[in-house]
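have a look; sequence and predicted model below, questions after that.
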Amino acid sequence: MWGGSSVLPGSMGAQCVVPTWDRHPGVPLTADSGDIVVLALYDYEAMHSGDLSFQKGERLQVLEQLGEWWQARSLVTGCKGFIPSNFVARANSLETEEWFFKDISRKDAERQLLGPGNVLGSFMIRDSETTKGCYSLSVRDGDELQGSSIKHYRIRTLDSGGFYITSRSCFNTLQELVEHYKGQSDGLCRRLTYPCSVPRPQKPWEKDAWEIPRESLKLEKKLGAGQFGEVWMGESEGNKGRKVKEEGQAEHHALSSGSLLDFLKSEEGNKQPLPKLIDFSAQVSRAQIFPSFLLHSRC
C-alpha cells in the first residue's frame with residue numbers, strides 16, 4: 001500500500017511522484033490492470049517545460065491521450081509529463097519489436113531496406129497489403145555483381161494461431177519464426193541478420209507552439225514578395241532554430257545564396273551531385289531547413 005508520497009520537480013518541469021513507503025530499490029512501479037502501458041522505442045530528452053525524459057525500453061503508464069502528445073508516468077522513476085506518442089508502442093504488442101513495421105507498403109519496405117545502415121540479410125515483418133490478418137517478410141539479398149535486391153515472403157497463419165512461410169516449419173509466434181530464420185535460411189534467400197535500420201522519427205510539433213514569437217526572430221535578408229506577403233531569410237533564437245542549424249546540411253549552400261530555387265538555378269547549384277540534391281529534398285521534406293529560415297511576413 002501507499003504510505004503517502006512526495007512530489008519533486010523532474011527534468012524540464014516534469015513532476016516526479018516519489019512514494020514514501022519502504023519499497024525495495026530497483027523494483028519498478030506498477031500500473032493497474034486497466035491502464036494503458038507503453039514501451040519506449042527510443043530515448044527522449046525533454047526539450048520543453050512539462051516534457052518527460054525517458055530511455056529506450058522504459059515502461060510508461062499513459063494517463064491521457066492528447067493528440068500527438070500524451071501525458072504519462074514513468075513506471076521506473078515515477079515522474080509525470082508529456083511524451084511524443086510516436087516514440088512509444090503499447091507494451092507486449094508487435095509494435096515493440098524492432099523488426100515489425102506496421103502499415104508500410106511493399107515499395108516503402110524496399111526503399112528502407114536498400115537505405116544506408118542496412119546489410120545483406122537485413123529484414124522486416126510488415127502487414128500484408130493483399131491479405132488482411134497476414135504478414136509479409138521482406139529481406140535484403142544480392143551479391144557484388146548484381147547488387148542488392150529485396151525478396152518478399154508471405155507469412156501465413158494457422159487456424160490454431162501459429163505462423164509459417166513453408167508448411168514444414170510452423171511456429172507459435174512471429175518471434176519464434178524470426179529466431180528460427182536467424183539461425184538458418186531454411187528455404188529463404190539467406191539467413192536473417194539485423195532488423196531494418198531506420199532513422200529515429202521526428203518529434204511531433206511542439207505543444208502550443210504553432211506561432212513563433214516575432215521578437216525571437218532575427219530577420220537578415222529580404223528574398224522576395226508576393227500576394228501572401230514578404231519572404232525573408234532569418235534565424236530563430238529558440239531551440240528549434242538551433243536544432244535546424246545542427247541537423248540541416250543544405251543551409252550553408254542554399255540559404256547563403258537566397259532561396260533554394262535560385263540556388264539550384266545558379267552555376268554552383270547545377271554542379272551539385274545527385275546524392276546532394278536528394279539530401280536537399282529529404283531535408284526540406286522533413287521541414288528541417290526552410291520553415292525556420294525562410295519567413296513569410298506581412299509587415
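Arrived safely, thanks for sending.

neighbours around the nearest residue to residue 151 once chain neighbours are set aside, how many?
Nearest residue to residue 151, sequence neighbours excluded (Cβ to Cβ, 6 or more residues apart in numbering): residue 189, at 4.6 Å. Yep, even glycine has a C-beta here, placed from its N, CA and C like the rest. Counted with other Cβ atoms under 10 Å, residues neighbouring residue 189 total 15.

residue contacts, residue 189?
139, 141, 151 (Cβ atoms under 8 Å, 6 or more residues apart in numbering).

mind checking which of those residues land in strands?
With strands taken from DSSP state E, the overlap with the contacts of residue 189 comprises 139, 141, 151.

mind jotting down where the helices sit in the stretch 151-299 of the chain?
Along the stretch 151-299 of the chain, counting by DSSP state H, counting those that start in this stretch, helices occupy 174-183, 239-247, 251-254, 260-265, 267-270, 274-285, 290-293.

quick one on the thing from earlier: can you pick the most crowded of the contacts of residue 189?
residue 139 (24 neighbours).

identify, from the ones in strands among the contacts of residue 189, the entry nearest to residue 81.
residue 139 (39.6 Å; Cβ to Cβ).

that closest one and residue 263, how far apart?
Here residue 139 is placed at a distance of 40 Å from residue 263 (Cβ to Cβ, to the nearest Å).

what does residue 132 give?
For residue 132, the distance to residue 263 (Cβ to Cβ) stands at 47 Å.

same thing with residue 126?
38 Å.

quick one, which of those two is more surrounded?
Higher neighbour count among residue 126 and residue 263: residue 126, with 22 against 19, using other Cβ under 10 Å.

so the more buried one: helix, strand or coil?
strand (DSSP: H, G, I helix; E, B strand; the rest coil).

which ones are touching it?
Residues in contact with residue 126 (Cβ under 8 Å, 6+ apart) are 100, 101, 102, 103, 104, 109, 135, 136, 138.

excluding residues flanking it in the chain, which one is nearest the spatially most central residue of the chain?
In the chain, the residue lying closest to the centroid (Cα atoms, centre = their mean) is residue 201, at 1.9 Å. With Cβ to Cβ, 6+ apart as the criterion, residue 201 has its nearest non-adjacent residue at 4.9 Å, and that residue is residue 86.

repeat for residue 89
residue 95 (3.5 Å).

tell me how many other residues surround that neighbour.
Neighbours around residue 95, by other Cβ under 10 Å: 15.

would you check how far apart it and residue 39 are?
Per Cβ to Cβ, residue 95 is found 9 Å from residue 39.

give the residues shared as contacts by these two.
residue 89.

for the protein, which spans come out with low pLDDT?
Low-confidence segments of the chain, defined by pLDDT under 70: 1-34, 205-214, 216, 226-228, 236-259, 283-299.

could you rerun that using 80?
For the chain, the stretches with pLDDT under 80 are 1-34, 144-145, 200, 202-263, 273-299.

quick one, domains of it?
Following automatic domain parsing, the chain resolves into domains at 5-91, 97-183, 214-297.

mind listing what's buried along stretch 147-165?
Neighbour-count burial for stretch 147-165, counted by 16 or more other Cβ atoms under 10 Å, picks out 150, 151, 153, 155, 156, 163, 165.

farthest pair within these?
Taking Cβ to Cβ, no two of the buried residues of stretch 147-165 sit farther apart than 150 and 163, at 20.6 Å.

just the CA coordinates of stretch 183-199, formatted as PDB?
Only the C-alpha atoms of stretch 183-199 are listed here, as PDB (Å, rounded to 0.1, in the frame of the first residue of the first chain):
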ATOM      1  CA  GLY A 183      19.800 -19.400 -37.200                       C
ATOM      2  CA  GLN A 184      19.300 -20.800 -40.700                       C
ATOM      3  CA  SER A 185      17.900 -19.800 -44.100                       C
ATOM      4  CA  ASP A 186      15.800 -22.900 -44.400                       C
ATOM      5  CA  GLY A 187      14.500 -22.100 -47.900                       C
ATOM      6  CA  LEU A 188      14.800 -18.300 -47.700                       C
ATOM      7  CA  CYS A 189      17.200 -16.400 -49.900                       C
ATOM      8  CA  ARG A 190      19.600 -16.100 -46.900                       C
ATOM      9  CA  ARG A 191      19.700 -16.100 -43.200                       C
ATOM     10  CA  LEU A 192      18.100 -13.100 -41.400                       C
ATOM     11  CA  THR A 193      20.700 -10.800 -39.800                       C
ATOM     12  CA  TYR A 194      19.600  -7.500 -38.400                       C
ATOM     13  CA  PRO A 195      16.200  -5.600 -38.300                       C
ATOM     14  CA  CYS A 196      15.900  -2.900 -40.900                       C
ATOM     15  CA  SER A 197      17.600   0.200 -39.700                       C
ATOM     16  CA  VAL A 198      15.600   3.500 -39.900                       C
ATOM     17  CA  PRO A 199      16.200   7.000 -38.500                       C
END
